[in-house]
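Participant: just a sequence and a predicted model for now, questions to come.
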Amino acid sequence: MSDHVRRGRPGRSRLPGGSDLHPFRQVQIGIALVAFVLVAGTLGYEALGFTWIDALFQTVVTVSTVGYSFPHAINTGVKVLTIALVLLGAGSLAYTFTVTLELLIEGHLRDILRRRTMEREIARMTGHVVVCGWGRVGREVARYLVNAGEQIVVVDRDATRLADVSHPTVAGDVTDDETLIQAGIERAGTLIAALDTDSDNLFVTVASRSFRPDIHVIARARSEDSEAKLLRVGADRVVNPQRLGGDRMAAFVTQPHVVDFLDVVMHDGSLEFRLEEVEVGADSPLAGETLRSTKVHERTGCLVLAIRRPDGSFTPNPSPEDQVRAGDVLIGVGTADQLAALMIYATRH
């Protein structure tokens, strides 16, 4: 089990030397120390003439401070070894007991069980979105995706930033294959590179694309030069938040009501109407027909605002005579029920 996958922040205990170790690791060290003392004591008593069973017996009763009498006459060597075992054994047992109690009392065991549960949760995910970077952009992306019903896994190299995240998370370097595997990239549908710097997003794009050539990658960029580089290394879409923010502010000056309407339809949820995209399947009854002959609006109630062709071009405000082809993407507006009807109509055989 990996200590990277987590919902909360695992505790750390500071050792006298100043180093930080996870309490679970400290328990392992304590058990190893006790085992070492038992083995060393047994071998020591054997070297002093005890049989192996007498040596083991004497080591156990000495370390546990039970205090049974010796099965053999003792000499100076036995006395020295016994004194050493009492000191080392008692210290090892006390250390192991202390860190075990800390593990239980401070909730670290509960945190370990949560991480195991999360690992199983991520292992069951298919087609989910891996969000790399838990900054301002990553938080907004996650909020929108969760509201849209998408499953997400958040990845960030800074474990402290993930302390209060309610979604499945992975703490680690997203340029490492192991971190991507923990996030379930083999089964993910999309990876969003929303790290703080363009260089980090470039590395994440390269790493994810080399690991999964077919995954859909959306990357954040701060500069125009970075946008071109990200596209060259394999990003399917590149988003510049600064440019989008500037465009949005300008749109509030020139078309404030249009922007407000799109915000309500796309994000707010207070209106019943939604925008949705639906791909036309090869066996769909829409394929090869015109919008007039398909009677999309009469059958589903949706209004088709645009058609995106397989070559990426748009046909905005299509006329009734525009033909619908297999592979086209219909961008429609309607209620949830109307959009669901359009989805069925466009994909059924």
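Facilitator: Thanks, I have it.
Participant: go ahead and confirm T294 touches A287.
Facilitator: No - T294 is beyond contact range of A287, at 9.6 Å (criterion: Cβ atoms under 8 Å). Quick note: C-beta positions are derived from backbone N, CA and C, even for glycine.
Participant: need the overlap of contacts for those two.
Facilitator: V324 (Cβ atoms under 8 Å, 6 or more residues apart in numbering).
Participant: between the two, tell me which one has more neighbours.
Facilitator: Legend: neighbour count by other Cβ atoms under 10 Å for T294 and A287, higher for T294 (23 against 17).
Participant: ok, the more buried one - contacts?
Facilitator: With contact taken as Cβ under 8 Å, 6+ apart, T294 is in contact with P285, L286, V324.
Participant: please, where are all the strands along the stretch 101-250 of the chain?
Facilitator: Along the stretch 101-250 of the chain, the stretches classed as strands by DSSP state E, counting those that start in this stretch are 129-132, 152-156, 169-171, 190-193, 216-220, 237-239.
Participant: give me the below-cutoff pLDDT ranges for the stretch 201-349 of the chain.
Facilitator: Scanning the stretch 201-349 of the chain for pLDDT under 70 picks out 267-271, 349.
Participant: that one: helices as residue ranges?
Facilitator: Remark: helices assigned in the stretch 201-349 of the chain by DSSP state H, counting those that start in this stretch are 224-232, 241-254, 256-263, 291-294, 296-300, 336-347.
Participant: a markdown table for these, including distance to G312?
Facilitator: Output for the helices of the stretch 201-349 of the chain, formatted as a markdown table (distance: least, Cβ to Cβ, whole Å):
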| stretch | distance to G312 |
| --- | --- |
| helix 224-232 | 14 |
| helix 241-254 | 20 |
| helix 256-263 | 22 |
| helix 291-294 | 20 |
| helix 296-300 | 22 |
| helix 336-347 | 19 |
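Participant: nearest to G138, out of those helices?
Facilitator: Ranking the helices of the stretch 201-349 of the chain by their distance to G138 (criterion: Cβ to Cβ) puts helix 241-254 first, at 11.2 Å.
Participant: CA atoms only: put the closest one into CSV for me.
Facilitator: Output in CSV follows, covering the C-alpha atoms of helix 241-254 (Å, rounded to 0.1, in the frame of the first residue of the first chain):
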residue,chain,number,x,y,z
PRO,A,241,-6.8,31.7,-17.9
GLN,A,242,-5.4,35.2,-18.2
ARG,A,243,-6.6,35.6,-21.8
LEU,A,244,-10.0,34.1,-20.9
GLY,A,245,-10.3,36.4,-18.0
GLY,A,246,-9.5,39.4,-20.1
ASP,A,247,-12.0,38.4,-22.8
ARG,A,248,-14.7,37.9,-20.2
MET,A,249,-14.1,41.3,-18.7
ALA,A,250,-14.3,42.9,-22.2
ALA,A,251,-17.4,40.9,-23.0
PHE,A,252,-19.1,42.4,-19.9
VAL,A,253,-18.5,45.8,-21.4
THR,A,254,-19.9,45.0,-24.9
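Participant: show me the contacts of T294 that map onto strands.
Facilitator: Members of the contacts of T294 lying in strands (criterion: DSSP state E): V324.
Participant: which one of the contacts of T294 sits closest to I31?
Facilitator: L286 (66.1 Å).
Participant: thinking again about what came up before, which one of the strands of the stretch 101-250 of the chain lies nearest to L162?
Facilitator: strand 169-171 (4.5 Å).
Participant: R220 is in contact with V137, correct?
Facilitator: Yes - here V137 lies in contact with R220, judged by Cβ under 8 Å, at a distance of 5.8 Å.
Participant: shared neighbours of these two, anything?
Facilitator: Common contact partners of V137 and R220 (Cβ under 8 Å, 6+ apart): A194, P241.
Participant: which one of these two is surrounded by more residues?
Facilitator: Counted by other Cβ under 10 Å, V137 and R220 do not tie: R220 has more neighbours, with 28 against 18.
Participant: in the helix ranked longest in the chain, what counts as buried?
Facilitator: The single longest helix within the chain, with elements called by DSSP state H, is helix 76-105. The neighbour-count check on helix 76-105 (16 or more other Cβ atoms under 10 Å) flags 78, 81-82, 85, 88-89, 92-93, 95-96, 99-100, 102-103 as buried.
Participant: quick one: least confident of those?
Facilitator: Lowest in pLDDT among the buried residues of helix 76-105 is L103, which has 69.
Participant: how is this structure carved up into domains?
Facilitator: In terms of domains, the chain is parsed into 5-108, 125-239, 272-347 (source: automatic domain parsing).
Participant: deepest of the ones you listed, which one?
Facilitator: Ranked by mean neighbour count, the domains of the chain are led by domain 125-239 with a mean of 19 (mean count of other Cβ atoms under 10 Å).
Participant: end to end on that domain, go ahead and measure it.
Facilitator: Using Cα to Cα, to the nearest Å, the end-to-end distance of domain 125-239 comes to 26 Å.
Participant: ditto for stretch 226-240
Facilitator: End-to-end distance (Cα to Cα), stretch 226-240: 10 Å.
Participant: I'd say K229 and L202 touch.
Facilitator: Yes - if you go by Cβ under 8 Å, K229 and L202 touch, sitting 6.1 Å apart.
Participant: give me the common contacts of these two.
Facilitator: Joint contacts of K229 and L202 (Cβ under 8 Å, 6+ apart) do not exist.
Participant: isn't G127 up against I185?
Facilitator: No - with contact defined as Cβ under 8 Å, G127 and I185 do not form a contacting pair (11.8 Å).
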